[in-house]
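**Q** how would this look folded up:
(one chain, ligands or ions: 1)
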Amino acid sequence: MRHIAIYAKDHQSVSRLVADLKKDKMVPGFEDFQHKKGLEHSEAVLQNFIKEDQRHGNSVLVKAENRSLRTFSSGEKRKALLEYLLKKEPAYLILDDPFDCLDMQSVASFKKRLTEVKSDFALLQIFRREEDILSFIDTVLVFDKARKAVFKNKADFIENEKTAIDVSVKTIPPPAREYQDIPEVLVQLNDVSVFYEERPILNQINWTIKKGEFWKLTGPNGSGKTTILSMIYGDNPKAYGVDLVLFGKKKGSGESVWDIKKKIGYFSPSVTELFIRRNTVEEMVISGLVDSIGLYQKPSDKQKALAKQWLETLGFQEKAKKVFNDLPNLEKRMLLIARAMIKHPPLLILDEPSTGLDDKSALKITHLINRIAAESSTAILYVSHRKEKGLHPDFEYELISSENGSEGKVVSKFNN
Ligand SMILES: Nc1ncnc2c1ncn2[C@@H]1O[C@H](COP(=O)(O)OP(=O)(O)OP(=O)(O)O)[C@@H](O)[C@H]1O
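**A** A predicted model of the protein is given here:
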């Protein structure tokens with residue numbers, strides 16, 4: 001069987017290749033795939049199953065379970081899709097970055113499963129991180145500057161990728177105004193337990209985040225990381241009736257979600273999709289000062305000057321008047337992190353900020369976050385499955401799954 005790892009750095013070329021294969025076109029280098037049954041494991045395919053489940057319920061992916069597909073964690077959903085596709089016995093399987101959202105144990109079991117079935121079909125593994133390449137794949141396909149497909153030996157690919165690129169980020173601008181009356185303890189969970197339909201998810205979580213601390217939140221798929229974030233930042237009803245104190249006030253004791261959000265900067269890659277208006281890069285950064293999605297009012301000269309400083313930090317000074325939605329993915333993310341940080345909130349939440357990025361792009365995001373941590377008094381709550389190279393959090397809060405719900409453990413002096 002011919003297995004190929006496809007480097008997704010030039011994702012337009014990769015999308016074109018996948019589209020051509022799906023249309024059963026003759027693609028140079030893939031002649032043996034023509035007229036064969038190919039199936040795709042990707043986020044887009046998964047989203048179609050989720051939509052289908054929302055309309056009709058009882059998804060074929062989780063038939064044995066008595067709950068909607070949407071309520072499964074991202075890792076659980078991906079695993080269910082893989083098993084469903086394997087049953088259909090494809091001649092080749094396109095795996096679009098399957099490990100990106102998975103925890104380490106899940107990656108190991110997913111890789112083991114693929115190794116078991118590797119002689120049943122050909123695998124086309126689209127990857128962004130070198131560490132994700134399946135051990136039994138020796139051929140890597142990359143697109144050169146002229147967008148021509150080039151097949152390389154894996155060792156040569158890895159050697160080639162080590163060439164240095166500039167991932168440095170300049171000093172971040174100071175705050176426009178200081179927040180008043182922010183207590184030393186920003187977030188406190190006291191013995192917080194959460195159940196979904198009588199299923200225990202979190203078991204007596206005790207966790208305190210103080211001013212200026214840099215935390216990494218880790219834990220396997222389904223351990224409750226998103227649940228904790230949505231209790232802090234969102235309007236998850238599970239946050240009421242438990243002992244959760246945010247900025248000195250018990251959640252549900254009068255402060256609106258809006259008041260809480262004013263004190264928090266938030267970035268998750270899914271935020272990128274919220275921006276549908278044709279705002280400029282400059283407007284997008286400024287919108288972080290007024291907590292709106294996009295900018296609906298004329299910015300002041302002071303706001304413009306601050307945005308200019310942030311664009312210089314990112315090295316985007318020439319892009320101020322460009323349309324945000326036309327930018328590449330990495331640049332959009334850097335701008336949205338700047339947008340979340342421009343007000344120097346007491347707390348900055350970064351939910352899997354580097355997911356779906358290649359190694360070098362992820363390193364650039366990591367440098368920006370390290371800068372923010374070192375040069376501001378903002379506390380950071382960073383969620384990721386990966387041991388992100390070069391990231392320097394002060395502490396890790398680890399969720400450990402168990403049948404009674406996840407328990408939490410503080411890992412201090414975190415070494416990455
Ligand atoms: N609304 C809901 N109803 C029922 N179960 C839910 C609901 N939301 C989440 N769950 C379940 O709660 C558990 C924790 O989910 P959560 O999304 O918080 O985990 P996670 O650690 O963020 O996972 P991942 O890393 O895969 O994103 C999962 O088993 C999930 O299926």
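
**Q** what separates the closest residue to V142 other than its chain neighbours from S13, distance-wise?
**A** Nearest residue to V142 in three dimensions, chain neighbours excluded: Y7, at 4.7 Å (Cβ to Cβ, 6 or more residues apart in numbering). Yep, even glycine has a C-beta here, placed from its N, CA and C like the rest. Using Cβ to Cβ, to the nearest Å, Y7 is found at 10 Å from S13.

**Q** Please enumerate the shared neighbours of the two.
**A** Listed as contacting both Y7 and S13 by Cβ atoms under 8 Å, 6 or more residues apart in numbering are F143.

**Q** Between these two, which has more neighbouring residues?
**A** In this view Y7 and S13 are compared by other Cβ atoms under 10 Å, and Y7 has more residues nearby, 22 against 19.

**Q** Beta-bridge partners for that one, please?
**A** Bridge pairing for Y7 (DSSP bridges) gives the partners F127.

**Q** Show me what the helix or strand where L381 lies is packed up against.
**A** Per DSSP states H and E, L381 falls inside strand 379-383. When contacts are defined as 3 or more Cβ pairs under 8 Å, 6 or more residues apart in numbering; DSSP states H and E, strand 379-383 packs onto strand 199-210, strand 214-218, helix 225-232, strand 347-351, helix 359-375.

**Q** What pLDDT is listed against the residue nearest to V142?
**A** Y7 is assigned a predicted lDDT (pLDDT) of 94.

**Q** One more: the one 5 residues further on?
**A** Note for Q12: predicted pLDDT of 89.

**Q** Helix, strand, or coil at it?
**A** helix (DSSP: H, G, I helix; E, B strand; the rest coil).

**Q** Now for it, how many residues are close by?
**A** Around Q12 there are 9 residues (other Cβ under 10 Å).

**Q** if I pick it, what's in contact with it?
**A** Q12 neighbours (Cβ under 8 Å, 6+ apart): none.

**Q** How about the contacts made by K216?
**A** By Cβ under 8 Å, 6+ apart, K216 lies in contact with Y382, V383, S384, L391, P393, F395, E396, Y397, F414.

**Q** just checking: which of these also lie near the ligand?
**A** Among the contacts of K216, no residue lies close to the ligand (Cβ under 6 Å from any ligand atom).

**Q** quick one: contacts for the residue nearest to V142?
**A** Here Y7 is in contact with V14, F127, R128, V140, L141, V142, F143, F157, D358 (Cβ under 8 Å, 6+ apart).

**Q** my guess is the second one meets I6, correct?
**A** Right, F127. Yes: contact criterion Cβ atoms under 8 Å: F127 and I6 qualify, at 7.1 Å.

**Q** any low-confidence regions in the stretch 101-250 of the chain?
**A** Where the stretch 101-250 of the chain drops to pLDDT under 70, the residues are 163-167.

**Q** Close to the ligand: what parts of it are there?
**A** Residues of the stretch 101-250 of the chain lying close to the ligand by Cβ under 6 Å from any ligand atom are Y196, E197, I201, G219, N221, G222, S223, G224, K225, T226, T227.

**Q** what about the fourth one, neighbour count?
**A** Using other Cβ under 10 Å, G219 has 22 other residues around it.

**Q** and what of the fifth one?
**A** One way to gauge burial is a neighbour count; for N221, by other Cβ under 10 Å, it gives 21.

**Q** Phi, psi for the nearest residue to it once chain neighbours are set aside please.
**A** The spatially closest residue to N221, leaving aside those adjacent along the chain, is G75, at 2.5 Å (Cβ to Cβ, 6+ apart). Torsion angles at G75 (phi, psi; degrees, to the nearest 10) stand at phi -70, psi -40.

**Q** Tell me how many other residues surround G75.
**A** 21.

**Q** domains in the protein, as residue ranges please.
**A** Here the domain parsing of the chain from automatic domain parsing is 4-161, 185-412.

**Q** now the helices for the stretch 151-300 of the chain?
**A** 154-161, 225-232, 257-262, 281-286 (DSSP state H, counting those that start in this stretch).

**Q** right, so of those helices, which gets closest to I349?
**A** For I349, the closest of the helices of the stretch 151-300 of the chain is helix 225-232, at 6.3 Å, according to Cβ to Cβ.

**Q** how much does that closest one deviate in direction from strand 214-218?
**A** If you take axes from the mean of the first three to the mean of the last three Cα atoms, to 10 degrees, helix 225-232 sits at 130 degrees to strand 214-218.

**Q** Tell me which residues are up against helix 225-232.
**A** Under the criterion Cβ under 8 Å, 6+ apart, residues 73, 187, 189, 192, 194, 201-202, 205, 217-219, 236, 238-239, 242, 244, 246, 251, 264, 349, 351, 381, 383, 399 lie in contact with helix 225-232.
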